[in-house]
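Peer 1: Quick one, fold the following:
(2 chains)
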Amino acid sequence: MSSDNSKIQNIINDCPTIDKVGAEERVARFQTRSIKGESKLMGLKMTLNMIDLTTLEGKDTQGKVKQMCYKAEHLHDAIPGLPTVAAVCVYPSMVKVAKNALKHTDIKVASVATAFPGGQSPLAVKIADTKFAVDQGADEVDMVISRGKFMEGSYAYVFDEIAAIKDACGNARLKVILETGELATLDDVRLASDLAIHAGADFIKTSTGKIQPAATMPVTLTMLMAIKDHYDKTGIMIGMKPAGGISTSKLALHYLVMVNEVLGEKWLSNEWFRFGASSLANDVLMQIAKAVNGPYQSADYFSID
Amino acid sequence: MAKKNKETTGLKWSYDPALEGVDHIKLREKYDLFINGKWVKPSSGKYFKTFNPADESFLAEVANADAKDVDKAVKAAREAYDNVWSKTSPSERAKYIYRIARLMQERAREFAVIETLDAGKTIRESRDVDVPLACNHFFYYAGWADKLDYAFPNRKVSPLGVAGQIIPWNFPLLMAAWKIAPALATGNTVVLKPAETTPLTALKLAEIIEESGLPAGVVNIVTGYGDTGAAIVNHTDVNKVAFTGSTGVGKMIQKSLAGTNKKLTLELGGKSANIIFEDAPIDQAIEGIINGIFFNQGHVCCAGSRLFVQESVADLVVRKLKDRMGSLIVGNPLDKNTDIGAINSKEQLATILKYINIGKEEGAEMFQLACDLPDKGYYCPPTLFTNVAQSSIIAQEEIFGPVLTIQTFRTVDEVIQKANNSPFGLAAGVWTDKGSRIFNLTTKLKAGVVWANTYNKFDPSSPFGGYKESGFGREGGLHGLSAYVKLS
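Peer 2: Sure thing, here's the model as predicted:
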C-alpha cells in the first residue's frame, strides 16, 4: 500500500493535541490506585504472562538464547501453576535457535528487524531483514520507524515504510517501535502512533530499550489513547507494548491499571498487551513468592537466565 | 491496513478493597470549646452529635456554643491581642505558625482519616489535597509574618484586632488554615467557628495549637450552628469578619455589618464556567471536566459546574466524558481507590436530588453513572445533563454536588457572554491550544480565578476569591494579607 498526500493529511488533521501536564496528572491518578490481595496476585500473574522476555545484545549467543528460552517456559518451578511469558524477543539471527527451543510450547518468538535499533538503512535492507526473520520462523516482528524522516516531516515516508514492512511480515504480527525517547513531545508520540496504526501496525511499541528514556507512563497513556480513538472509530483493536524501564512489579501493576481504565478488560491479555522487559519477571516472581509463602526471599532464589 | 480483527476477551480485573486504617486516630467522645487555651464546657451544657456521612455512624459529641460562650471567646481573643500577641515580635509569631504547620504535617495521616470520616470526602483527596495544602498555608503565611513591610512598601502595617471567622463544611481543615494562618501572621487573634457537620479537624487543630504553645486566647475555636456564627458576627468587639459559605448567609452577614466599622471578606457560592474550545487537548480537557465537577463530590464553591463545549466537538466531548465516567469508583471514602465519596449530609443530598429532579422536569437529558451505591450513608452518582439552556434553573443555581450541566456554543464572544451571564463570578476554566485566546478570555471573564488547560488548582501563594455574588476579598497569596491589616 502506498500513501497519497490527502490520506496523510487526514491523519495529521485528525491527530489531537496533547497537554503534557494534563497527561502527567492522569498518570498520577493511576499511580494512586492501591492494588491489594487477590487483585494484586492476579495482576502479577497477568504481568508474567504479558512479558516479552528480551535479549538484544551484540554478544548474544546460541547458548544465551537457549537458556533464556528455558527460563521463558520455566519461570519459577518452585511455585506450580505459574504462567509462561508471552514471547521471547531476539535478533533475527537468533530466531531459529529460539524457535527450536520453544517449539513444544505456546510461547511466541518475536524478532526485532528493520536495522534495529537505529533504523538508518535503505528500505530494501529493512525488507530483507524482515523477510529473513519471518523465514526463520518469527511469529512477531518488532520494527523501528525512521525517526530521522519523521523529524524531517516526511510522514508519508514513515507511513509507506511501515506499510511495506507489514507486507513483508506475511502472517507475522507487526509491532511498530516509535522510539519515543527520540520523539521528545507527546504530540509527536501521538502522531507517530496514528501513522503506525493507519499503516497497518498490529501493535505499537514505545522503545528499543537502547535509548533513554524508554517507556514512560505518560507516553504509554498517549499511545493507549490513540489505540482507543482508533477502536472507537473502527472497531479494530491494536495492541500496546511499552518496553524498557519497567523493572518493578509495582510499576507493572500501574501500567495494567492504566490499560484497564483506558482500554478496558478486552486488552488485558497478552494478545493485546505486552511488557518488553528483561528484568521485570524476577521482581514479579519475588512478589508472587511473597504472596504465596509469606516472607520475601533473597534474589538468589530466582534464576537469572 | 489492519483487518477487522477478532475480539478476544481479556481478564476482568477489579480492585480489592484497600481501606485506610482507622486504628491510629484518636478521637474524644466529647469535645468542649477551645477558649483561652483551655477546653471549656458550653454554658448551656448542650452538645450536638457529628456523624460519618459515609455510613451514618456516630463519631463524637461536640459542644454547642451560645452567645455567652462566644462572648467568652471574643474576650479571650481581645485580651490575648492587647496583652500578648500585638506585643509579640513578627519573627516570634512566625515561629509559632511554623510549629503549627510542622505538627500538622507530623499528624497528616490522622488529620486525613478524620477529615474523611467527618466529611465523607475520599481519603485520596484528604490525604493528597486537603491536609498538605492546609499545612502549606501555615508554612506560607509563617514566611510573611516578619516581611509585612515588604508586602506593603512605604506603608505602616498594623493588625485589625480580633477576627471572627466562620468556615464551611466542604474543606473543613483547609478552610480553617486559609482563615487562621494569614490572621496570625499579620498579628490578629482569632475566634473560629467550624461548620456543624464537620467540626472534628478544627478541634484536632485546636489540640495542635495547644501543643504548639501558642499563647492562650490567640486562637479560640467555638463549635455550633448558625446562631453561634451570628453571635460572632454581631459581637461588638470583633474587628473583622471572614466568612466562607453560602451566598444567602453572606448577604445576611453583610446586612448585619452595615454601619459598623468591622472589616468583612466573603467567599461565597459559584456556578463556574468550564469552556472547551475545538482545538483543546480533548483527552486532558475530559480530565479537567471530571476534576472540575466531581472533585470533592462537587462540594466546591469554584466547581466547574457549567460546561461550555464548542459545537463542532460537542458530541466527541460528551461521548468521551461518559466513557471516562465509567472508570470512576463511587463508594466508601476510606477506600484508597474511591474516586467519589459520600455527600456531606442528608440535607445536602436532598438539595442535590431536588435539583436533579428540576433538571429532569426542565426537559434536560440526564446521564448518570450506573454504579452500586453503599446501602447506608449519603451518596449521589456522578450526573450529567445535556440539552441545557442558559435559562434552565440547573444552569443558573449552585447545586453544590456532582451534577454537571452541558451547553454548547459557536463563537468566542458568545461563550464569554454566556459565561459572564450569571450572578456569580468565582472561577472559570479555558481549554484551548491557542495562547492568545487564553489571554483574551482571562481578561474578559468576570471570575476571580481563571484556569487555563487545568482546573481546581490551588496554591497558598495564589489569591482566591470572587466577583459579584461570589463575594469579595481575596484569600491566599500576598492579597490574602490585606484582608487582615490596616494600612496607614
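Peer 1: What score does the residue in the stretch 201-305 of chain A that chain B sits nearest to have for pLDDT?
Peer 2: Of all residues in the stretch 201-305 of chain A, residue A:268 sits closest to chain B, at 3.3 Å by CB to the nearest CB. Backbone N, C-alpha and C define where each C-beta goes, glycine included. Looking at residue A:268, its pLDDT reads 97.
Peer 1: any low-confidence regions in chain B?
Peer 2: Using pLDDT under 70 as the threshold, the predicted model of chain B has low-confidence ranges B:1-9.
Peer 1: coming back round to it: need the contact list for the residue of the stretch 201-305 of chain A closest to chain B.
Peer 2: With contacts taken as CB atoms under 8 Å, 6 or more residues apart in numbering or on different chains, residue A:268 has the following neighbours: A:46, A:256, A:259-260, B:10-13.
Peer 1: Tell me where the stretch 251-400 of chain B has helices.
Peer 2: Across the stretch 251-400 of chain B, reading from the start of the chain, the helices by DSSP state H, counting those that start in this stretch fall at B:282-294, B:311-325, B:346-361, B:393-396.
Peer 1: what number of residues lie near residue 119?
Peer 2: Chain wasn't specified; assuming chain A. Counted with other CB atoms under 10 Å in any protein chain shown, residues neighbouring residue A:119 total 20.
Peer 1: should've been chain B
Peer 2: By the measure other CB under 10 Å, the count of residues near residue B:119 is 32.
Peer 1: Check residue A:182 too.
Peer 2: By the other CB under 10 Å criterion, the neighbourhood of residue A:182 contains 16 residues.
Peer 1: on that earlier part again, of the contacts of residue A:268, which is the nearest to residue A:129?
Peer 2: For these, the minimum distance to residue A:129 (CB to CB) is 30.3 Å, reached by residue A:259.
Peer 1: looking at it, the closest one is touching residue A:265, isn't it?
Peer 2: No. No contact is recorded between residue A:259 and residue A:265 when judged using CB atoms under 8 Å, the distance being 9.1 Å.
Peer 1: Which one's more surrounded, these two?
Peer 2: A count of neighbours by other CB under 10 Å puts residue A:259 above the other of residue A:259 and residue A:265, at 27 against 14.
Peer 1: Now for that one, which secondary structure element holds it?
Peer 2: For residue A:259, the host element (DSSP states H and E) is helix A:249-262.
Peer 1: What helices and strands are in contact with the helix or strand following that helix?
Peer 2: Elements were assigned by DSSP H and E; along the chain past helix A:249-262, the next helix or strand is strand A:275-277. When contacts are defined as 3 or more CB pairs under 8 Å, 6 or more residues apart in numbering or on different chains; DSSP states H and E, strand A:275-277 packs onto strand A:51-54.
Peer 1: Quickly check: the strand it packs on near chain B or not.
Peer 2: No. Applying CB under 8 Å from any CB of the partner chain, one finds strand A:51-54 out of contact with chain B, separated by at least 15.6 Å.
Peer 1: in its sheet, what does that strand sit against?
Peer 2: Strand A:51-54 has its sheet partners listed here by DSSP bridges as strand A:87-90 (parallel), strand A:275-277 (parallel).
Peer 1: Mean pLDDT lowest where, among those strands?
Peer 2: Out of these, strand A:275-277 stands lowest, with a mean of 94 (criterion: mean pLDDT).
Peer 1: picking up where we left off before, so how do I select the buried members of the contacts of residue A:268 in PyMOL?
Peer 2: Here the buried members of the contacts of residue A:268 are turned into a PyMOL selection, burial being counted by 16 or more other CB atoms under 10 Å in any protein chain shown:
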select buried, (chain A and resi 46+256+259+260) or (chain B and resi 10+11+13)
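Peer 1: closest to residue B:398 among the contacts of residue A:268?
Peer 2: When the contacts of residue A:268 are compared for distance to residue B:398 (CB to CB), residue A:260 wins out at 35.2 Å.
Peer 1: Wait, the closest one touches residue B:13, no?
Peer 2: Yes. Counting by CB under 8 Å, residue A:260 does reach residue B:13; the two are 5.5 Å apart.
Peer 1: ok, and for stretch B:126-146, which residues are buried?
Peer 2: Taking 16+ other CB under 10 Å as the neighbour-count basis, stretch B:126-146 is seen to contain the buried residues B:126-127, B:129-142, B:144-146.
Peer 1: To residue B:87, which of the strands paired with strand A:51-54 lies closest?
Peer 2: Among these, the nearest to residue B:87 by CB to CB is strand A:275-277 (65.1 Å).
Peer 1: Contact residues of the stretch 151-300 of chain B facing chain A?
Peer 2: Residues of the stretch 151-300 of chain B lying near chain A by CB under 8 Å from any CB: B:279-285, B:287-288.
Peer 1: So what does the closest residue to chain B within the stretch 51-200 of chain A have for phi and psi?
Peer 2: At 5.5 Å from chain B, residue A:200 is the closest residue in the stretch 51-200 of chain A, using CB to the nearest CB. Per-residue torsions, residue A:200: phi 120, psi 10 (degrees, to the nearest 10).
Peer 1: check contacts around the closest residue in space to it that isn't next to it in sequence.
Peer 2: For residue A:200, ignoring the flanking residues on the chain, the nearest one in space by CB to CB, 6 or more residues apart in numbering or on different chains is residue A:166 at 3.7 Å. If you count contacts by CB under 8 Å, 6+ apart, residue A:166 has them with A:174, A:199-201.
Peer 1: domains for chain B, by residue range?
Peer 2: Chain B is divided into the following domains under automatic domain parsing: B:30-268+B:470-487, B:273-460.
Peer 1: Cool, thanks, talk later.
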